[in-house]
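Engineer: structure here, sequence nowhere to be found:
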């Protein structure tokens, strides 16, 4: 069967070059006679894999020396607890911005460990925008300030990163990590699940300012303590070896494509093509406020549940897969992560034009 265009929000499309390289090395990784899935995580071969992956992500993201790079398990959802367990340790207080389902889950988890101040929320309009932030609402004695930089379900993203002063800024970047360059000096801890822009599910990337670690209370389990993983260089227990290997291949792919500046340019071009069509369409529309629209996840609607269902079914037949929107938004959603080729977006828009002529 020919490859389709996969618009899934995650696990998501991976670069074909990466998949072919993984297939080539599936049974025999660099002449060792074993698959990466069979390698000891303490052995020479895997040590090279994880060290190279760490070096490449540091180069790609220009990560300063005083930040540590961790490859962990538990998904981004595990970080909802790890963040407060490690950082809410002085005043037992934190600030959160509520921009969707994933921030709501993080807020619920943080409330188990201390006071949570909801600085702003866009729940009043089903999270169709990033709320404006008033620094006067920030807690000066918060142990950290938490945002989700891109909201996969609702198709919104931050265009400006808040200045939180001396309060550490924590960001869930699961669905826009590596989509464009990031000024890490604005953040103190970022994390991201791998299954959007980095590789298959199973690995979670954490980038943490080193001095934030080591302050968790003694009753925090070792596996939930960032210091544990810093000291062991992500090898305290058996890590998600194959996911790290695949992420490492993606990091190399990004370097070969020209780095994050080149990736950002292509991502903007892809998103602009689809948004431009939505702006002039009389059938399809975006539910997201213009100033908050995401480059990675683009919801769109016809205004009719029956037409939406027909569109999804007919698009699937044409090789445009997993376009069904999240149940809380409805309609369709095109997730156009780094690995989605430009031709995939053009094929989607062409199909939308044909569908509108027949059904508009």
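Structural biologist: Perfect, I can see it now. What you see is a predicted model; the values in this text were computed from it and never measured.
Engineer: so residue 88 sits right up against residue 111, yeah?
Structural biologist: No: between residue 88 and residue 111 there is no contact under C-beta atoms under 8 Å: 10.4 Å. C-beta here means a position set from N, CA and C on the backbone, and glycine is covered the same way.
Engineer: these two: who's more crowded?
Structural biologist: Applying other C-beta atoms under 10 Å to residue 88 and residue 111 shows that residue 88 carries more neighbours, namely 22 against 13.
Engineer: tell me who's in contact with the more buried one.
Structural biologist: 94, 110, 113-114, 143-144 (C-beta atoms under 8 Å, 6 or more residues apart in numbering).
Engineer: the same query, at a cut-off of 7 Å, please.
Structural biologist: By C-beta atoms under 7 Å, 6 or more residues apart in numbering, the contact set of residue 88 is 94, 110, 113-114, 143.
Engineer: cool, residue 241 as well?
Structural biologist: Counting by C-beta under 7 Å, 6+ apart, residue 241 touches 36-37, 39, 41, 46.
Engineer: could I get the phi/psi values of it?
Structural biologist: With angles defined as degrees, to the nearest 10, residue 241 sits at phi -60, psi -50.
Engineer: picking that back up, from the contacts of residue 241, which would you call buried?
Structural biologist: Among the contacts of residue 241, the ones that count as buried by 16 or more other C-beta atoms under 10 Å are 36, 39, 41, 46.
Engineer: which pair in the residues you listed spans the largest distance?
Structural biologist: Using C-beta to C-beta, the buried ones among the contacts of residue 241 span at most 10.4 Å, a distance reached by 36 and 41.
Engineer: could you find the closest non-adjacent residue to residue 59?
Structural biologist: Nearest residue to residue 59, sequence neighbours excluded (C-beta to C-beta, 6 or more residues apart in numbering): residue 255, at 7.2 Å.
Engineer: could you count how many residues lie near that neighbour?
Structural biologist: Count around residue 255 with other C-beta under 10 Å applied: 14.
Engineer: same question, residue 274
Structural biologist: 20.
Engineer: distance of it from residue 295?
Structural biologist: Going from residue 274 to residue 295 by C-beta to C-beta, to the nearest Å gives 10 Å.
Engineer: what does residue 45 give?
Structural biologist: Applying C-beta to C-beta to residue 45 and residue 295 gives a distance of 36 Å.
Engineer: same thing with residue 85?
Structural biologist: For residue 85, the distance to residue 295 (C-beta to C-beta) stands at 32 Å.
Engineer: and what of residue 175?
Structural biologist: Using C-beta to C-beta, residue 175 is found at 10 Å from residue 295.
Engineer: between the two, which has more neighbouring residues?
Structural biologist: Neighbour comparison, residue 175 and residue 295: the larger count goes to residue 175, with 29 against 21 (by other C-beta under 10 Å).
Engineer: so the more buried one touches residue 154, yeah?
Structural biologist: No: using C-beta atoms under 7 Å as the test, residue 175 is too far from residue 154 to be in contact (10.7 Å).
Engineer: got the contact list for residue 239?
Structural biologist: Counting by C-beta under 7 Å, 6+ apart, residue 239 makes contact with 41, 71.
Engineer: for the longest helix seen in the chain, give the mean pLDDT please.
Structural biologist: If you go by DSSP state H, the chain has its longest helix at helix 259-280. The pLDDT scores in helix 259-280 average 97.
Engineer: and it, how far from the chain's centre?
Structural biologist: Helix 259-280 sits 17 Å away from the centroid of its parent chain (C-alpha atoms, centre = their mean, to the nearest Å).
Engineer: what's in contact with the helix or strand just after that helix?
Structural biologist: Remark: after helix 259-280, the chain's next helix or strand is strand 297-300, criterion DSSP states H and E. Contacts to strand 297-300, defined as C-beta under 7 Å, 6+ apart, come from residues 9, 152, 155, 175, 271, 274, 278, 284-288, 325, 329, 331-336.
Engineer: check stretch 148-165 too.
Structural biologist: 9, 99-103, 127-130, 133, 138, 145, 147, 171-173, 175-176, 186, 288, 291-299, 326, 328-329, 333.
Engineer: buried subset of these as a ChimeraX selection?
Structural biologist: Listed next is the ChimeraX selection for buried residues among these, using 16+ other C-beta under 10 Å:
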select :9,99,100,101,102,103,127,128,129,130,133,138,145,147,171,172,173,175,176,288,292,293,294,295,296,297,298,299,326,329,333
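Engineer: in helices, which of the contacts of stretch 148-165 appear?
Structural biologist: The members of the contacts of stretch 148-165 that map onto helices under DSSP H are 101-103.
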